[in-house]
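Peer 1: coordinates only, sequence not included:
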């Protein structure tokens with residue numbers, strides 16, 4: 001199985017730069033996209049490749065966030081937003097930002113995730129940490145239920161110095177903090 005994930009920084013901009021021509025050559029089974037920055041009516045026709053099932057979680061705010069998942073195999077179920085999987089918790093703040101989509105297949109699930117960067121303020125960093133705690137709890141519950149998970153996305157987190165171009169200058173920034 002071949003899975004590709006890409007942060008596009010805008011699906012329309014990526015389309016103009018030839019993303020879909022490149023993708024057609026990849027022979028991928030699943031494609032996860034983050035940072036669509038578009039709504040459904042703004043998607044170029046190229047964003048609907050033949051022989052792929054597509055699902056989207058658009059942000060409510062125009063030109064912001066958004067994730068997508070494409071698959072050759074038709075999913076058994078699609079979960080748009082974390083509130084769809086975890087209705088006992090209030091995910092409305094993150095779900096409004098279009099940050100999560102999960103496709104269930106027979107014996108595994110694929111997730112396209114766009115984690116908040118947390119870099120704009122201490123409040124956004126706190127929101128990111130809260131999101132992570134709740135998200136990891138949900139992922140553990142799904143694993144405990146026997147679900148095999150493949151998580152793809154832009155996590156806005158660098159694990160080691162090699163993962164970041166300017167690691168020294170980012171040691172006190174969100175995404176590269178010790179926690």
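Peer 2: Structure's in. What do you need? Since we're looking at a predicted model, the values are computed, not measured.
Peer 1: which other helices and strands contact the strand or helix carrying residue 139?
Peer 2: Using DSSP states H and E, residue 139 sits within helix 122-144. With contacts defined as 3 or more C-beta pairs under 8 Å, 6 or more residues apart in numbering; DSSP states H and E, the packing partners of helix 122-144 are strand 149-154. Bear in mind the C-beta positions are built from the backbone N, C-alpha and C, glycine included.
Peer 1: Show the residue spans covered by the strands in this structure.
Peer 2: Ranges of strands in the chain, per DSSP state E, are 3-7, 30-34, 53-57, 67-71, 77-80, 100-104, 109-114, 149-154.
Peer 1: one step back: list the buried ones in the helix holding residue 139?
Peer 2: For helix 122-144, burial by neighbour count (16 or more other C-beta atoms under 10 Å) applies to 125, 128, 131-132, 134-135, 138, 142.
Peer 1: Nearest to residue 16 among those residues?
Peer 2: Among those, residue 128 lies closest to residue 16 (C-beta to C-beta), at 30.5 Å.
Peer 1: My read is that the closest one contacts residue 115, right?
Peer 2: Yes: applying C-beta atoms under 8 Å as the test, residue 128 and residue 115 come out as touching, 6.8 Å apart.
Peer 1: Overlap in contacts, the two.
Peer 2: Counting by C-beta atoms under 8 Å, 6 or more residues apart in numbering, the contacts common to residue 128 and residue 115 are residue 156.
Peer 1: Any stretches of this structure with poor pLDDT?
Peer 2: Scanning the chain for pLDDT under 70 picks out the ranges 118-120, 167, 170-179.
Peer 1: Centroid-nearest residue for it?
Peer 2: Per C-alpha atoms, centre = their mean, the C-alpha nearest to the average position across the chain is that of residue 113, at 2.2 Å.
Peer 1: Thank you, goodbye.
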